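>>> I'd like to go over a predicted model; first the sequence, then the structure.
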Number of protein chains: 2
Amino acid sequence: MLVGDPHSVTEDFNSELLGFERFRMATQSGKVLVYGGKGALGTSVVNYFKSRNWWVVSVDLFPNEEAHANVIITKTDVWTEQESEVGSKVEEALKEEKFDAILCVAGGWAGGNAASKAFVKNSDMMWKQSVWSSVIASGLASKHLKEGGLLQLTGAKASLDGGTPGMMGYGMAKAAVHQLVKSLSMEGNGLPANTTALAICPVTLDTPNNRKWMKDADFSTWTSMDYVSELLFNWSSGVERPPAGSLVQLVTQDNQTNLNIA
Amino acid sequence: MLVGDPHSVTEDFNSELLGFERFRMATQSGKVLVYGGKGALGTSVVNYFKSRNWWVVSVDLFPNEEAHANVIITKTDVWTEQESEVGSKVEEALKEEKFDAILCVAGGWAGGNAASKAFVKNSDMMWKQSVWSSVIASGLASKHLKEGGLLQLTGAKASLDGGTPGMMGYGMAKAAVHQLVKSLSMEGNGLPANTTALAICPVTLDTPNNRKWMKDADFSTWTSMDYVSELLFNWSSGVERPPAGSLVQLVTQDNQTNLNIA
């Protein structure tokens, strides 16, 4: 048995005539690229899509062994270098196929105001984690997404609400992502026809790192990664997908998450 | 006669006891840093403030011979390198003095959507021109601006209005600047007390380059650099200065510019 779900394999199918990868790709329900696939949320997303029999490519600094293919990023200060590295590795993994969804869940957090010693250093880190990834994912979508596909980026509710003086670099990077989503939802965006580009805008995700650094927080207001993974799976499958340009706030109270679409 | 305005020099003042620079600084009306001081707008601003007897520091890739001091930036892909270079050179020029105003008029324009070959390259350029400069200027303000001083950044009306599919990198960079201005106007921003941080959001400035590249445009809707220079001078002098956090749209029709404050 080559794949997890025997119902997708016809019994007289002669798998030995095809390469294993080709066979696997042919029997998957859908194809997804997860940018940031080894992060906390990315890992959850990779597992969720895999369990639903999707073919999953992870793009990250480190491999995710659960993914069907891994695109490993080399750290660099040169954005165009990262773009061409990711671009050629994705092409190699994808062959002539197309993705149903490209999900960018890369990101991170750093604080600091204008007087912080690490103001520029942290702004730079936020830019690389959130904006480099979002822009490269958007470029990949222009080439490798199916018509009618989903391009999802990751914003932040805090930055939608106005200024973020205690985390200036984070707020700026997320504001850039929000504006990019608006551009990606308009005529002339360069994406395949009927692409839905949108962003999730979480408050706080319930990740191990956030639990470690904010021990005394009220976890019942944090959004679970299972919830987000299921949400992204549904949207990727065309179920209750919000319109293009949506900035979807994930607002959790009493462990219940509501979507607030801006 | 050492300086342009004789009324600011008392007749018995013995300039020979002081170094020339020290004398000049002491007799100026105000001190301003112009980030991007050799660009089209920057050159106009430097000249305007100089004509009003302010002491002017220009920060740019090239020296502005009209400025009293020049901080020359080396091109780099490493943001923190640029920050420390500018920081130490500004300190050297300024000695123990403070600025009345820090004006960041650096910037540029590049087009492109998600499918453009130069999408990442242009986004990178926009980021360096608009966001690196704005963030470094904000850091300088936290150290070298007087209380009650002015920190002015440069946004863009287009990016205030929503998406910019034909110029995605430009829109993102300006959205980041707009959000930064909001952060810089809030409690805990790290700036000296009573700093006014704001941005001008032009549509099109009437520069030689814009005239060269858009020969057939309606120039009567472009904003003159003289107008902007006078505006920034007035604000720097405390005249009709908008409140902190203002995103000031410069809307020109029939060669008349109106301010629309968001």
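Received the coordinates, thanks.
>>> skipping adjacent residues, who's closest to A:Ala110 in space?
A:Asn122 (3.8 Å; CB to CB, 6 or more residues apart in numbering or on different chains). C-betas here are computed from N, CA, C, even on glycine.
>>> wasn't A:Val46 part of a helix?
Yes. Counting by DSSP: H, G, I helix; E, B strand; the rest coil, A:Val46 is part of a helix.
>>> state the pLDDT value of it.
For A:Val46, the pLDDT comes out at 98.
>>> distance check, it against A:Leu153.
17 Å (CB to CB, to the nearest Å).
>>> what does A:Pro242 give?
13 Å.
>>> pull out the buried residues from the longest strand belonging to chain A.
Counting residues, the longest strand in chain A under DSSP state E turns out to be strand A:145-154. Residues of strand A:145-154 classed as buried: A:145-146, A:149-154 (neighbour count, 16 or more other CB atoms under 10 Å in any protein chain shown).
>>> most widely separated two among the residues you listed?
Of all pairs drawn from the buried residues of strand A:145-154, the one with the longest distance (CB to CB) is A:Lys146 and A:Thr154, at 21.3 Å.
>>> okay, and the common contacts of A:Pro242 and A:Leu153?
A:Leu198 (CB atoms under 8 Å, 6 or more residues apart in numbering or on different chains).
>>> enumerate the residues of the stretch 1-150 of chain A near chain B.
A:77-80, A:83, A:113-116, A:119-121, A:123-124, A:127, A:131, A:135-136, A:138-139, A:141-143 (CB under 8 Å from any CB of the partner chain).
>>> need the three-state assignment for A:Ser138.
Assignment for A:Ser138 (three-state DSSP): helix.
>>> need the nearest residue in space to it, chain neighbours excluded.
That would be B:Ala114: by CB to CB, 6+ apart, it lies 4.5 Å from A:Ser138.
>>> how about A:Arg241?
A:Trp235 is the one closest to A:Arg241 (CB to CB, 6+ apart), at 4.4 Å.
>>> list the residues that contact the one you found.
Neighbours of A:Trp235 in contact, by CB under 8 Å, 6+ apart: A:101, A:150, A:152, A:196, A:198, A:241-242.
>>> which of those ranks first by neighbour count?
Of all the contacts of A:Trp235, A:Gln152 has the most neighbours under the rule other CB atoms under 10 Å in any protein chain shown, reaching 28 neighbours.
>>> isn't that residue right up against A:Phe99?
No. Using CB atoms under 8 Å as the test, A:Gln152 is too far from A:Phe99 to be in contact (11.5 Å).
>>> re earlier: the residue nearest to A:Ala110 touches A:Gly108, doesn't it?
No. The pair A:Asn122 / A:Gly108 is not scored as a contact, 9.6 Å apart, by CB under 8 Å.
>>> neighbour-wise, which of those two wins?
Per other CB under 10 Å, whichever of A:Asn122 and A:Gly108 has more neighbours is A:Asn122, with 21 against 15.
>>> ok, the residue lying closest to A:Val120 once chain neighbours are set aside to A:Ser130 distance?
Distances taken as CB to CB, 6+ apart place B:Glu83 nearest to A:Val120, at 4.3 Å, with adjacent residues excluded. Distance of B:Glu83 to A:Ser130, given as CB to CB: 20 Å.
>>> which residue of those two possesses the greater neighbour count?
Each of B:Glu83 and A:Ser130 has its neighbours counted (other CB under 10 Å); A:Ser130 has more, 27 against 20.
>>> and that one, what's its pLDDT?
Confidence score, pLDDT, at A:Ser130: 97.
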